[in-house]
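S.K.: sequence plus the predicted model coming up.
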Amino acid sequence: MSDPRLQVAVLGGGSFGTALASIAADNGAAVNQWLRDDDQVAAINRDHRNRRYLADFAINPRVVASSDLRAVIEGASLVFVAIPSQAFLSVIRQANRWLQPGQILVSTTKGIQADGFKLMSQILEEETDSPHIGVLSGPNLASEIAQKQLTATVIASDDALTRARVQNALGCDYFRVYASNDRYGVELGGALKNIYAIAAGMAAALGMGENTRSMLMTRALAEMSRFAVALGANPMTFLGLAGVGDLIVTCSSNLSRNYRVGQALGEGRTLDEAIEALGQVAEGVNTVSLVRGKAHEEGIYMPLCEGLYQVLFNGVPARDMARLLMQGEQSSDVEFTLAREEVVQAKRREEGS
Ligand SMILES: NC(=O)C1=CN([C@@H]2O[C@H](COP(=O)(O)OP(=O)(O)OC[C@H]3O[C@@H](n4cnc5c(N)ncnc54)[C@H](OP(=O)(O)O)[C@@H]3O)[C@@H](O)[C@H]2O)C=CC1
Ligand SMILES: O=C(CO)COP(=O)(O)O
């Protein structure tokens, strides 16, 4: 149970924003949720339902929805931002004139901004004066949280107050909040796993088996941690909920929007058709192309991301790409114990002898 005087603001009225708002209210906080659509605001306050994103979920009636950003932010000591990455900066810029330096700002968004390859907490840092910035990420399918399925997440921040306040605001008998001080690694984990969720959905639609899924997920973990470590994250973070945990859930469930985009592609739809059928944002589609660009720039080996890019944006059939990937260099299982280059060089020496 959190301090009953705690005031929480949630920016965004999607399924995760709604589930979090309701948990904080269940825990006793006063919660205001900002949505841009007045009709949706009225419907939530009247029916305590979010029909567009989480229709069957009974929202705690203490959650008050509003389209008045100022009223939602003012007085809140904890602000969650649950807005897709493409709109994140513009919402923070609208909010900025009412944000106070003492407020804790937490991004829940698992995406990357194209301009400058920025993560959302970096945007919060650059745009505001708050020293209290955090990231919430983990295996957290919103519709399962709404059913009160036992779930765990991570609050990542180098600020102890931010970690403790989020643990108190959201921790309850079905939602556990673990702490991390690797904000960058946790946030990158959340964004990167969306790439591989698309690939996993595609593999499932193509009838590939459990061995294939396991190989895909494990090599995805190797690839995403290779990328993140090259950019400064701690490799150990990928052993946690926001790394392997989130990778497992999104590569296994068609409750994930990214997985569903992959499934639709595997069933033969075009990318535009898959996105249209989804009707919501699948962050992974942009993330594939941003991460592929960054990997090229930095010289980071990412065959799965490259292959998915070719399928998504260059029309290469998924089955052909899978065959091609199977012909790639056989290298090291865990690169943090045996370097990739060492294996590749030894194999070449053996072939030449
Ligand atoms: N859903 C899930 O299971 C989980 C999601 N996440 C992450 O949390 C973040 C939020 O997810 P989720 O709650 O599902 O919401 P979505 O990412 O689906 O975003 C939907 C919300 O953002 C609003 N929005 C979109 N564009 C704008 C804009 N330009 N200005 C203002 N509001 C805008 C939408 O309003 P409108 O309806 O009017 O378009 C809606 O309220 C995502 O980045 C996601 O990766 C994390 C864990 C689980
Ligand atoms: O991040 C999620 C679960 O942890 C939700 O994934 P999607 O955005 O693919 O629905």
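M.R.: Arrived safely, thanks for sending. Ligands and ions are numbered 1, 2, ... in the order given.

S.K.: so what's residue 111 closest to, chain neighbours aside?
M.R.: Once flanking residues are discounted, residue 111 sits nearest to residue 85: 2.9 Å by Cβ to Cβ, 6 or more residues apart in numbering. Glycine gets a C-beta too; all of them are placed from N, C-alpha and C.

S.K.: ok, that neighbour - contacts?
M.R.: For residue 85, the set of contacting residues under the criterion of Cβ atoms under 8 Å, 6 or more residues apart in numbering consists of 109, 111, 112, 113, 120, 283, 286.

S.K.: same question for residue 92.
M.R.: Contact partners of residue 92, counting by Cβ under 8 Å, 6+ apart, are 81, 123, 124, 127, 128.

S.K.: helix, strand or coil: sort out it for me.
M.R.: Secondary structure, DSSP: H, G, I helix; E, B strand; the rest coil: residue 92 is helix.

S.K.: got the confidence number for it?
M.R.: In the prediction, the pLDDT value recorded for residue 92 is 98.

S.K.: which of the residues in stretch 333-343 are buried?
M.R.: Neighbour-count burial for stretch 333-343 flags 335, 343 (criterion: 16 or more other Cβ atoms under 10 Å).

S.K.: contacts for it, please.
M.R.: Under Cβ under 8 Å, 6+ apart, the answer for stretch 333-343 is 222, 225, 226, 235, 301, 330, 331, 332.

S.K.: for these, work out which two are farthest apart.
M.R.: Taking Cβ to Cβ as the measure, the contacts of stretch 333-343 reach their widest spread between 235 and 330, a distance of 21.8 Å.

S.K.: one step back: of the contacts of stretch 333-343, which belong to helices?
M.R.: Those of the contacts of stretch 333-343 mapping onto helices are 222, 225, 226, per DSSP state H.

S.K.: the last one: how many residues sit nearby?
M.R.: When you say that, I think you mean residue 226. By the other Cβ atoms under 10 Å criterion, the neighbourhood of residue 226 contains 19 residues.

S.K.: write out the residues of the stretch 201-350 of the chain neighbouring ligand 1.
M.R.: 280, 281, 283 (Cβ under 6 Å from any ligand atom).

S.K.: wait, the first one touches residue 257, no?
M.R.: Yes. When contacts are counted by Cβ atoms under 8 Å, residue 280 is listed as touching residue 257 (5.4 Å).

S.K.: for the helix ranked longest in the chain, the distance to its chain's centre please.
M.R.: For the chain, the helix that runs over the most residues, judged by DSSP H, is helix 183-205. Here helix 183-205 is found 8 Å from its chain centre; the criterion is Cα atoms, centre = their mean, to the nearest Å.
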